[in-house]
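Enquirer: Sequence and predicted structure are below.
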Amino acid sequence: MFSKVRGGAAPQTAALLLVAITISGCSSRMLRVDSTIAVAHPAFPATVAGIAGRKFSENNAVEFLSTGAATFERLFEMIRTARHSINLELYIYNTDETGDRLADLLIERAQAGVRVNLLIDAVGGFYFEDETAERLEAGGVKVYLYNRWNYFDMWHYRIRTHRRVVVVDGRRGMVGGFAITDWWHEPYQFFKYPVFDLQAYVEGDVVAQLQSVFLENWKQVSDEVLTGPEYFPATNSQQEATRAAESSEPRSTDARRNIFAMTSGSSPPREVPHESTSSIYENYLFAIRSARENIRIFTPFFVPDQALTDELIAASKRGVDVRIVIPDEKYILEAPAYYAGHNYYEELLEGGVRMFHFQIGLLHSKGAVFDELYGLVGSTNFDQRSFKIDYENDLHIYDAGLARELDGMYRFYEQNSAELTLDKFRARGLWPRSQECLWRPIEHEF
């Protein structure tokens, strides 16, 4: 089950991988979208669902969680009250106070008879200690690392599961960008500055879709298909809905109900990942082409390809107000990704796209809003790695009220940002220009 082989590669193996990636070339397919319908068109959500291979439903409740305190309070409450099953898929799980607290809760529920399954990415879980895994397994929790280092398959080591999936009893779920670590918790400090992230807590029919996203990677590592009412309880009949409403099962009192929602997970190809695209990428292309009034994007990593860049500029030129908030240079997580994205800034700014640098901490929220009607929240960064290589998961909502709420969160990010003008960008120094050239050949890796 869990292996003591650590998830991270040694420096020399990482260097070999980088050389292999560079030699492989970086050309990507340029997709085009033939859409002529608007986001407000009745066929828009059906098309989004068709691209994703999913289906929107109205029997859902959705609540946004925008602080570390709210995120962990909800997460721990979900786990404490689990009765049948807990499925967790995480990118980052550190062995620290927060990680130990989660482990204690998972063990307690496993020993109470709840089926507990934990999947952690081998790279994101580099600081997930062997002792923690052994303690979890001894307590009845099934633990797996995803895609551990393999000297004989360095190429596919690039493929990570970047998903954050929580499903409890097949009835309640959470998606977003959170990490299980002390520096994601209140006081919400990453080194010496605050982190701003966003999750979506969900109930209803959409949870079964979220469960299937978890099962995709779980089957890969465990060869186990999870079935039965513990994971997929009946939810469609009115009788079942009535029983759930009258039962003592915990339900959110804050979540907005009757939301038109679905969840989708992007899955990379096994062969040449950067030469293909995910359904989330294709939905972004479609939504950008379909926007008629405004596009709001917030992301910690911004490395579009040429097709996305062209669509954003085309939207701006047809009168759509296009705005993007990204982290400021002093709060970035990975400098190569930051500078790789610069290669598209001048073209976007010349094309009328407005860009903003978040000033008060690390922006880690990932999402977008189109025409204040269609929104996405999840694990997907607006970069080529998320769109073409990693496993990701997003919640799609098609609801004016909830989309306006999401737009309000975007406005908070913009209000605490400094706008990047074309003149400011052209005045950048030699160092950023040299970094842009250095990382451009492998921009699809960031």
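Expert: Okay, I see it.
Enquirer: For residue 82, see how far away residue 109 is.
Expert: Between residue 109 and residue 82 the computed distance is 5 Å (CB to CB, to the nearest Å). Glycine gets a C-beta too; all of them are placed from N, C-alpha and C.
Enquirer: centroid residue for the chain?
Expert: Centroid check for the chain by CA atoms, centre = their mean gives residue 379 as the closest residue, at 0.4 Å.
Enquirer: mind checking pLDDT for it?
Expert: pLDDT for residue 379: 97.
Enquirer: How about the contacts made by it?
Expert: Residue 379 makes contacts with 91, 162, 163, 164, 175, 176, 177, 366, 386, 392, 393, 394, as judged by CB atoms under 8 Å, 6 or more residues apart in numbering.
Enquirer: Let me know the closest of these to residue 41.
Expert: residue 394 (21.0 Å; CB to CB).
Enquirer: That closest one - nearest residue in space that isn't next to it in sequence?
Expert: Once flanking residues are discounted, residue 394 sits nearest to residue 378: 3.2 Å by CB to CB, 6 or more residues apart in numbering.
Enquirer: burial of that neighbour, as a residue count?
Expert: 29 (other CB atoms under 10 Å).
Enquirer: Please apply the same query to residue 282.
Expert: 17.
Enquirer: Show me what the helix or strand containing it is in contact with.
Expert: Using DSSP states H and E, residue 282 maps to helix 279-290. The contact list for helix 279-290 (CB under 8 Å, 6+ apart) reads 31, 33, 35, 37-39, 41, 44, 47-48, 51-53, 264, 266, 295, 307-308, 311-312, 314-315, 368, 370, 374, 376, 380, 382, 386-388, 392, 394, 396.
Enquirer: is it true that residue 316 touches residue 322?
Expert: Yes. Contact criterion CB atoms under 8 Å: residue 316 and residue 322 qualify, at 4.7 Å.
Enquirer: in the stretch 51-200 of the chain, which spans are strands?
Expert: 60-65, 85-90, 115-121, 142-146, 165-168, 172-176, 189-190, 193-196, 199-204 (DSSP state E, counting those that start in this stretch).
Enquirer: of all these, which lies closest to residue 220?
Expert: strand 142-146 (7.4 Å).
Enquirer: Strand partners (parallel or antiparallel) of the closest one?
Expert: Next to strand 142-146 in the sheet, as set by DSSP bridges, lie strand 115-121 (parallel).
Enquirer: Tell me where the chain is predicted with low confidence.
Expert: Counting by pLDDT under 70, the chain has low-confidence residues at 1-29, 186-192, 235-254, 256, 270-275, 446.
Enquirer: Got the domain ranges for it?
Expert: Under the assignment automatic domain parsing, the domains of the chain span 29-56+263-446, 60-242+251-259.
Enquirer: Flag every buried residue along stretch 43-53.
Expert: Neighbour-count burial for stretch 43-53 flags 44, 45, 47, 48, 49, 51, 52 (criterion: 16 or more other CB atoms under 10 Å).
Enquirer: now, among those residues, which is nearest to residue 224?
Expert: Out of the buried residues of stretch 43-53, the member with the shortest distance to residue 224 (by CB to CB) is residue 52, at 25.1 Å.
Enquirer: pretty sure residue 185 is touching residue 73, no?
Expert: No. Judged on CB under 8 Å, residue 185 makes no contact with residue 73 at a distance of 10.1 Å.
Enquirer: Compare those two (neighbour count), which wins?
Expert: residue 185 (21 against 13).
Enquirer: for that one, what are its contacts?
Expert: By CB under 8 Å, 6+ apart, residue 185 lies in contact with 68, 69, 72, 98.
Enquirer: Inside helices: which ones of the residues you listed?
Expert: Mapping the contacts of residue 185 onto helices (DSSP state H) picks out 68, 69, 72, 98.
Enquirer: Name the nearest residue to residue 382, ignoring sequence neighbours.
Expert: Per CB to CB, 6+ apart, closest to residue 382 is residue 299, 4.0 Å.
Enquirer: Enumerate every residue touching that neighbour.
Expert: Here residue 299 is in contact with 324, 325, 326, 363, 365, 366, 367, 381, 382, 383 (criterion: CB under 8 Å, 6+ apart).
Enquirer: Pick the one among those residues closest to residue 226.
Expert: Of all the contacts of residue 299, residue 226 sits closest to residue 366, with 26.9 Å by CB to CB.
Enquirer: which of the contacts of helix 279-290 count as buried?
Expert: For the contacts of helix 279-290, buried by 16+ other CB under 10 Å: 33, 35, 38-39, 44, 47-48, 51-52, 264, 266, 295, 307-308, 311-312, 315, 368, 370, 374, 376, 380, 382, 386-388, 392, 394, 396.
Enquirer: hmm, back to that, pipe the contacts of residue 379 into a markdown table and attach distance to residue 128 per row.
Expert: What follows is the contacts of residue 379, written out as a markdown table (distance: CB to CB, whole Å):
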| residue | distance to residue 128 |
| --- | --- |
| 91 | 11 |
| 162 | 15 |
| 163 | 16 |
| 164 | 15 |
| 175 | 21 |
| 176 | 19 |
| 177 | 18 |
| 366 | 22 |
| 386 | 22 |
| 392 | 20 |
| 393 | 20 |
| 394 | 24 |
